[in-house]
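Chemist: missing the sequence, but the structure's below:
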């Protein structure tokens, strides 16, 4: 199968096909624009995953590899039915000792997970396992050339920018706003242009009839479920109070997504210009400024549809928090309690970590359930603290009972539930924050 | 089982289309929001219900009749309307609510590459049906809450087949008068189909409101939509129709699904249509309660858009979907307007005084 966005290879799970798999990964990564270094890393990750799967299942099962061009990244999905897949090496805490021969079989997975920027592991029907590997392109960081002088606009039109204007806009944001008011990707204008070209990001700018940029905002679809849109801004450049620009940009944004799949809109980087009447505050978590000052961090949220009510899974230990939150936010929810009743669970859990190093912050998400959830989480905290992370969040999706069942492990390890993001995942997402040395608002 | 993924046989325009999820039934919503009553102020239903004579028809329906198919083309209704409007019975086509006749028209005239034109902030079903049928819906921004005739004309190209005008507009209540509609039809010059949706026309008592039925004699490309769901209080039975010249209706008939209007709906509508007293009674209620709302909302200091029809729009100093949830928690179901591309606005159906008082009390509570 080929099309402009993706190519696919179907092989059997047999080491004889290893050169074919690596050639496929390498050639598609090159074709989709990865540079040599990143191509080799993605190829290596694919090779290691394939070799690992061949090692644990000798039945010549069919395996499908799909490479997709995400414009600013290349994604490889490896889909196969294998027995006894244990992905523990995908944890950032994993390390293999040369002396420990029992762990050597996991070495391939460890190498694979460290060779890519993002990964995911999903169960499909039956014994199916899908491993997703994402390698991003490398872009030059914006040069600190100072901001362009902008005067208050006399006329204003809301427009979708062309790539060059978009890059100017990104540079202007970085030069005029603090680091915590925009995502780190904005420091790479070329990447921003590619993210918009990929359709993942969108931008709207307020410009006058001379083309001067008075401000703008950006938004992206949160990958999971395509139900949540994250917006950034609005960013206004020297505009007079009462210009109405922030409201017009927000109106235009909502108008453009109100009839799509999106159920909700969130702003995790609210600028002082955010028109608050369009949003509701979900709650506050703690954040540190680069100078170490502790500041409250508000999550601004807006539902785009009428709430029809929903059902969520919850561990009993989280029930009271959920009741209180849903009551104060006026969300209609049926809370269904869950918990393990002695059934067989996989031995090893896997957590994914997304770093925001400029803010010493990390988001953990459960990728795979396992009996060792609590110990694994404890090891993650230790590693993250050693890496200087001061803010550790953990997100669970209440649409998956196995994720709801991470609650005891989280509470045992010093996490406290802080807020709910309704409809942000398969169902609502609860954000926990690690609380050592952090003031708790819950 | 085939290994061909289902996704591979789905057209792109369907993949990209968002399905409309209707509200849960009232008892379920009441359970979820923990309330023991619910004022339905979201669907512009007639608070007085169907006319008494139609209610009697519904009560007297003989259950064994449910085993028989209804008249496939609403035979008696078409003759009744022909008599009422002085047209031919073949100038009418019935559907399972006016929503269904929208699809008849689009299917009859559009093919791959064609487009339709309507407003960006109006009844959404014209846009939906066109989009999920694979046709482009060109949306023209409202001007001062009304359909912008000049801008709609500007968007016409050689692939434009239909222009939809909601008159009066839902949700803004603005309308085109006779002169404006005539001018629009004259400019189009028969090159495209013009649909005038008059779902709320019975609520309008203005001398310059156009008589589109009459205009269909002069303009063979004009199609008029009417419904029994609003003024006649038969929303639960689903019956609506279109009217036009013999020539245009003959074409649309080819895409019309027959037998889609049930027997009770046909008989109840037949009885309802002559009940002028019910229309007057409903109008008096709507005018009085609209006036009450207008006064109260002005006192609160809220911006309103109050035109024709049995609804009123209110701009809130808060997110409308949050207002929806807070009002639902008080047993008040309104329509949040983000889905109409009117963020922070809500639309309230005008209802009996008790419901309107409850709404004002509830609104004051959430704004305080």
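Modeler: Alright, I've got the coordinates. Just so we're clear, the structure is a prediction, and the values are computed from it rather than from any experiment.
Chemist: give the contact list for residue A:282.
Modeler: A:299, A:300, A:301, A:329, A:419, A:420, A:421, A:422 (C-beta atoms under 8 Å, 6 or more residues apart in numbering or on different chains). Any C-beta I mention is one placed from the backbone N, CA and C, and that applies to glycine too.
Chemist: repeat for residue B:51
Modeler: Contacts of residue B:51 (C-beta under 8 Å, 6+ apart): B:232, B:233, B:271, B:272, B:275, B:277, B:278.
Chemist: let's go with 7 Å and repeat that
Modeler: Counting by C-beta atoms under 7 Å, 6 or more residues apart in numbering or on different chains, residue B:51 makes contact with B:232, B:272, B:275, B:278.
Chemist: now these in TSV, with pLDDT?
Modeler: Listed next are these as TSV, based on pLDDT from 0 to 100:
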residue	pLDDT
B:232	97
B:272	97
B:275	94
B:278	97
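Chemist: Give me the subset of these lying in helices.
Modeler: Judged by DSSP state H, these include B:272, B:278 as members of helices.
Chemist: re the thing from before, can you tell me which of the contacts of residue A:282 end up in strands?
Modeler: Taking DSSP state E, the ones among these that sit in strands are A:299, A:300, A:301, A:419, A:420, A:421.
Chemist: for the residue nearest to residue A:314 when sequence neighbours are not counted, what are its contacts?
Modeler: Leaving aside its sequence neighbours, residue A:314 sits nearest to residue A:335 (C-beta to C-beta, 6 or more residues apart in numbering or on different chains; 5.0 Å). Contact analysis of residue A:335 by C-beta under 7 Å, 6+ apart lists A:312, A:314, A:319, A:322.
Chemist: What are the buried residues along the helix or strand containing the last one?
Modeler: Assignment of secondary structure by DSSP states H and E places residue A:322 within helix A:316-329. Taking 16 or more other C-beta atoms under 10 Å in any protein chain shown as the basis for neighbour counts, the residues of helix A:316-329 that come out buried are A:318, A:321, A:322, A:325, A:326, A:329.
Chemist: Let's see the pLDDT reported for the residue nearest to residue A:314.
Modeler: Reported pLDDT at residue A:335 in the predicted model: 94.
Chemist: So it belongs to a helix, correct?
Modeler: No - counting by DSSP: H, G, I helix; E, B strand; the rest coil, residue A:335 is not found in a helix; it is strand.
Chemist: Same list (the contacts of residue A:282) but as JSON lines, adding pLDDT and distance to chain B.
Modeler: Output for these, formatted as JSON lines (pLDDT from 0 to 100; distance: C-beta to the nearest C-beta, whole Å):
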{"residue": "A:299", "pLDDT": "89", "distance to chain B": "14"}
{"residue": "A:300", "pLDDT": "94", "distance to chain B": "10"}
{"residue": "A:301", "pLDDT": "95", "distance to chain B": "9"}
{"residue": "A:329", "pLDDT": "94", "distance to chain B": "8"}
{"residue": "A:419", "pLDDT": "94", "distance to chain B": "15"}
{"residue": "A:420", "pLDDT": "95", "distance to chain B": "14"}
{"residue": "A:421", "pLDDT": "93", "distance to chain B": "15"}
{"residue": "A:422", "pLDDT": "94", "distance to chain B": "10"}
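Chemist: Could you identify the most distant pair in those residues?
Modeler: By the measure C-beta to C-beta, the contacts of residue A:282 have their two most distant members at A:300 and A:420, which lie 13.9 Å apart.
Chemist: quick one: which of those two has more around it?
Modeler: Neighbours around residue A:300 and residue A:420, counted as other C-beta atoms under 10 Å in any protein chain shown, are more numerous at residue A:420. The numbers are 25 against 20.
Chemist: May I have the beta-bridge partners of that one?
Modeler: Going by DSSP bridges, residue A:420 is paired in beta bridges with residue A:430.
Chemist: From residue A:310, how far off is it?
Modeler: 12 Å (C-beta to C-beta, to the nearest Å).
Chemist: again with residue B:122
Modeler: Going from residue B:122 to residue A:310 by C-beta to C-beta gives 30 Å.
Chemist: These two: which is more packed in?
Modeler: The neighbour comparison of residue B:122 against residue A:310 (other C-beta under 10 Å) goes to residue B:122, with 23 against 16.
Chemist: which residue sits closest to the more buried one in space, ignoring its chain neighbours?
Modeler: Nearest residue to residue B:122, sequence neighbours excluded (C-beta to C-beta, 6+ apart): residue B:166, at 4.7 Å.
Chemist: Quickly note the distance from the one you found to residue B:146.
Modeler: According to C-beta to C-beta, residue B:166 and residue B:146 sit 10 Å apart.
Chemist: Residue A:408 too?
Modeler: 59 Å.
Chemist: go on, residue A:197?
Modeler: From residue A:197 across to residue B:146, the span is 38 Å (C-beta to C-beta).
Chemist: Could you do residue B:38 as well?
Modeler: Separation of residue B:38 from residue B:146 (C-beta to C-beta) stands at 33 Å.
Chemist: likewise residue B:140?
Modeler: 11 Å.
Chemist: And residue B:46, by the same measure?
Modeler: Distance, residue B:46 to residue B:146, using C-beta to C-beta: 25 Å.
Chemist: so how many other residues sit close to residue B:263?
Modeler: 16.
Chemist: oh, I was asking about residue A:429
Modeler: The number of residues packed near residue A:429 is 22, by other C-beta under 10 Å.
Chemist: In contact with it, which residues?
Modeler: Residue A:429 touches A:395, A:396, A:397, A:421, counting by C-beta under 7 Å, 6+ apart.
Chemist: Nearest spatial neighbour of it, chain-adjacent residues omitted?
Modeler: Nearest non-adjacent residue to residue A:429, counting by C-beta to C-beta, 6+ apart: residue A:421, 4.3 Å away.
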